[in-house]
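Return a 3D structure for these sequence lines:
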Amino acid sequence: MFKVKFKLEKESFVEASLFAYRHHLKGSPKRFLGLIFIAMSQFGVVSLLQTKQSGLLFLSSILLIYWYFLRERIRKKIYEKSFRDGQEFTLVVDESAIEINGVKLNWGDISSVIEFKDGFILQYQRESLFIPNRAFKLEEREKFLSLLRGSSIEIIRES
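Sure thing, here's the model as predicted:
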């Protein structure tokens, strides 16, 4: 058993939130929306050339600008506003569970763990928790990884 205390910094929280959003989008049918908007814009160009009506081209252009340029900026602002500065977390990790600020999660409650360059994202029920790498000493991080592997939780490595 070991205990880890850390504070989340705004920048790492926002980056982890955006990373989790992109990761979930990869497996979602929503990832094809950008392609649909591109197809709509192509039909809009044809419509403009054939009928001189620009409505579809205008609509698809707005959707493309949103999808490729504004979507993540808007998400980032939402995550920045939801961040509570100075929030401290205490993790108590043992062979049977992980306790987060007094809330105990059995290893079986965690559906998956995403490991990436900045840390870990634990996914449980419909929630996620970001644990930065800097929260662990090297031996604690290795112990945490071995407990994850031993509990048959899916560990997804992303770069």
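
what about the strands in this structure?
2-7, 88-93, 97-100, 103-106, 110-116, 119-124, 127-132, 154-157 (DSSP state E).

Give me whichever of these is most buried.
Highest mean neighbour count of the strands of the chain: strand 119-124, a mean of 20 (counted as mean count of other C-beta atoms under 10 Å). Where C-beta positions appear, they are placed from N, C-alpha and C, glycine not excepted.

coming back round to it: mind putting the strands of the chain in TSV, mean pLDDT and distance to residue 81 included?
What follows is the strands of the chain, written out as TSV (pLDDT from 0 to 100; distance: least, C-beta to C-beta, whole Å):
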stretch	mean pLDDT	distance to residue 81
strand 2-7	90	19
strand 88-93	90	20
strand 97-100	90	23
strand 103-106	89	24
strand 110-116	90	23
strand 119-124	89	20
strand 127-132	86	17
strand 154-157	88	28
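
Name the surrounding residues that touch the lengthiest helix in the chain.
Determined from DSSP state H, the single longest helix within the chain is helix 33-51. Helix 33-51 is contacted from outside by 53-61, 63-64, 67-68, using C-beta atoms under 8 Å, 6 or more residues apart in numbering.

cool, stretch 5-13 as well?
With C-beta under 8 Å, 6+ apart, stretch 5-13 has contacts from 79-80, 83, 85-91, 118-119, 130-132, 134-135.
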